[in-house]
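Asker: Whatever this is, show me its structure:
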Amino acid sequence: MITKIFLSIRDFFGNLRLNRKIQLSLMIIIVPLFILFVLLFTNMYYFNQQYDKIIANATEAGRFSIDFKEDFDYKIYLIIAGHSTFEKEDPYKNIEEAREIVSDLISNTSLIENKHRAEDIMKILGNLEKYSRQIEENKKIGGFYDENIILWENYVQIATSLVHSTMLEYTYYETIGMEQVRSGVAESLQRITILSLTVFAALVIIALFLSVIIPNSIVRPIHKLNEVTNQVAKGDLSVRVRDVNGAEVKRLGKSLNIMIEKIDHLLDAVKKDEENLRAAELELLQAQINPHFLYNTLDTIIWLAEAGKQEDVVDVVSALSHFFRTSLNHGDGMFTLREEERHVHSYLQIQQVRYQDILDYEINIPEELFDTVIPKITLQPLVENALYHGIKNRRGGGRIEISAVLEDGDVIISVKDNGMGMSESRLKQIIANLDDKNHVISGHKIRESYGLYNVNQRIKLKFGDQYGLSITSVYEEGTCIQVKIPYVNPKHGALS
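Answerer: Take a look at the predicted model:
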């Protein structure tokens with residue numbers, strides 16, 4: 001009798017379509033689970049509401065305390081340093097958004113102490129607005145750079161730090177309430193444990209029974225699909241679903257194959273976008289002009305004017321005008337070697353007036369190489385490194401020599417100085433930084449080599465990894481940096 005029942009059930013499942021088999025087997029499992037879920041939900045609803053409220057408050061407080069301090073401090077610094085304006089950065093918008101968040105925290109918390117903490121943050125935000133307006137007024141009436149820096153360091157950053165620490169306290173005391181909720185959940189779970197075990201035991205028996213009577217025609221093709229998805233999860237996008245049985249599974253396999261192909265195409269697109277973004281970041285950083293160079297040049301012009309050296313004033317102003325016209329020029333980021341030579345000549349002309357007792361230079365680039373294209377502002381950072389980290393660190397006069405030669409179809413540009421040079425360990429560190437993908441602007445030594453890193457990366461992004469910078473240096477004798485770029489044939493306008 002039992003055998004007949006088993007056979008009839010097996011035949012019934014065997015005659016069903018694949019989707020019907022899955023639906024029926026799932027319903028047998030899902031219906032009891034749904035009933036158990038309803039019981040659990042009604043019992044746990046109150047605790048979940050409390051958890052959600054506490055976690056939402058803690059999460060909002062944590063996000064605010066991190067994002068607000070970093071963003072606000074950085075925006076105020078950009079404005080003070082002259083890299084941006086109040087209209088562009090709009091720090092008051094950050095304050096208003098922060099006030100909205102704090103207002104929500106005041107309304108949502110059930111702890112009196114946390115209400116007071118949030119109210120304290122609201123007062124600090126008012127002080128931040130006052131400091132910001134004071135900085136804005138200073139900027140309008142004449143700059144007051146030093147006074148604004150003091151306001152930023154001694155008031156703005158302290159205020160944002162107070163906001164940060166107070167928010168951490170708010171978050172800490174909000175999370176303490178989780179322990180009380182946890183105790184209630186534990187008691188509730190203990191009461192329904194027996195019921196859950198009973199239901200699950202019954203479901204296990206049913207599942208075992210179904211695993212015997214449902215044909216392997218469901219399991220085997222799914223295993224094949226699973227093998228393919230595992231390979232995809234490991235990063236192998238060359239795999240495809242093949243030789244599976246069942247119309248439904250075949251359709252699923254076809255869709256999976258299409259999805260894998262699209263993922264492959266998307267990954268290629270993302271890599272290309274990342275390369276483009278990296279190139280844009282390097283171009284943006286290269287386009288920034290060192291304000292200290294401008295300030296020092298203006299001081300030099302004032303000094304020359306006071307000394308009555310009118311011709312020198314005209315020469316320096318003319319060189320500075322050409323330098324800025326080239327630096328701020330928009331386009332595809334490429335110069336001819338002629339334009340690059342003029343740009344670095346303007347820079348050296350200005351610096352020679354400032355350091356006339358210690359600086360001498362010579363530029364020797366053959367005219368037949370002038371039409372070769374090069375990423376804009378490539379040589380000036382190399383010359384700046386030679387001046388500030390080479391010649392200025394030695395006693396007596398120094399000399400910078402810039403030359404170019406054609407070698408095996410490539411142009412080799414050399415920037416050589418007879419400055420202090422570098423030790424072997426320092427040279428190795430600089431060379432390692434040239435291709436460091438995690439290169440960041442932090443620390444004295446890394447800042448020294450960032451200009452070289454920037455130039456090297458822009459050359460490689462434009463022409464390929466076989467091009468870029470090479471450095472040789474001998475301590476107390478000097479340094480030579482060579483730039484390797486492809487030669488452009490002026491007659492054909494293409495890379496030779």
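Asker: could you give me the average pLDDT of the helix or strand encompassing residue 454?
Answerer: Secondary-structure assignment from DSSP states H and E places residue 454 in helix 444-463. On average, the pLDDT along helix 444-463 is 74.
Asker: what distance separates the helix or strand just after it from the centre of its chain?
Answerer: Next in sequence after helix 444-463, counting helices and strands by DSSP H and E, comes strand 468-474. Between the centre of strand 468-474 and the centre of its chain there are 29 Å (Cα atoms, centre = their mean, to the nearest Å).
Asker: quick one: strands adjacent to strand 468-474?
Answerer: Strand 468-474 sits in its sheet next to strand 478-486 (antiparallel), going by DSSP bridges.
Asker: Run through who's touching the partner strand.
Answerer: Strand 478-486 is contacted by residues 372-374, 378-379, 382, 385-386, 390, 409-422, 452, 455, 459, 463, 466-473, 495-496 when judged by Cβ atoms under 8 Å, 6 or more residues apart in numbering. In short, each C-beta sits where N, CA and C put it, glycine included.
Asker: Let me know the pLDDT of residue 359.
Answerer: On pLDDT, residue 359 comes in at 85.
Asker: ditto for residue 137
Answerer: So, for residue 137, pLDDT stands at 87.
Asker: can you count the residues close to it?
Answerer: By the measure other Cβ atoms under 10 Å, the count of residues near residue 137 is 10.
Asker: Let me see the contact set for it.
Answerer: Applying Cβ under 8 Å, 6+ apart, no residues contact residue 137.
Asker: That one in helix, strand or coil?
Answerer: Taking DSSP: H, G, I helix; E, B strand; the rest coil as the rule, one finds residue 137 in the helix state.
Asker: where's it relative to residue 147, distance?
Answerer: Distance of residue 137 to residue 147, computed by Cβ to Cβ, to the nearest Å: 11 Å.
Asker: With residue 140 instead?
Answerer: Residue 140 sits 13 Å away from residue 147, going by Cβ to Cβ.
Asker: same question, residue 306
Answerer: Distance from residue 306 to residue 147, counting by Cβ to Cβ: 27 Å.
Asker: Do a quick rundown of the strands in the stretch 51-200 of the chain.
Answerer: Counting by DSSP state E, counting those that start in this stretch, one finds no strands in the stretch 51-200 of the chain.
Asker: what residue ranges in it are flagged as low confidence?
Answerer: 51-66, 143, 177-182, 184-185 (pLDDT under 70).
Asker: Quick one: the helices in it, in order.
Answerer: Applying DSSP state H, counting those that start in this stretch to the stretch 51-200 of the chain gives helices spanning 86-89, 91-108, 112-141, 145-151, 157-213.
Asker: And the ones you listed: which comes nearest residue 80?
Answerer: Nearest to residue 80 among the helices of the stretch 51-200 of the chain is helix 145-151; the distance by Cβ to Cβ comes to 4.5 Å.
Asker: hmm, back to that, who has more neighbours out of residue 306 and residue 147?
Answerer: Between residue 306 and residue 147, counting by other Cβ under 10 Å, residue 147 is the more crowded of the two (13 against 9).
Asker: Distance of the residue lying closest to that one once chain neighbours are set aside relative to residue 150?
Answerer: Closest residue in space to residue 147, ignoring its immediate chain neighbours: residue 138 at 5.9 Å, by Cβ to Cβ, 6 or more residues apart in numbering. To residue 150, residue 138 is 11 Å away according to Cβ to Cβ.
Asker: Cheers, nothing more for now.
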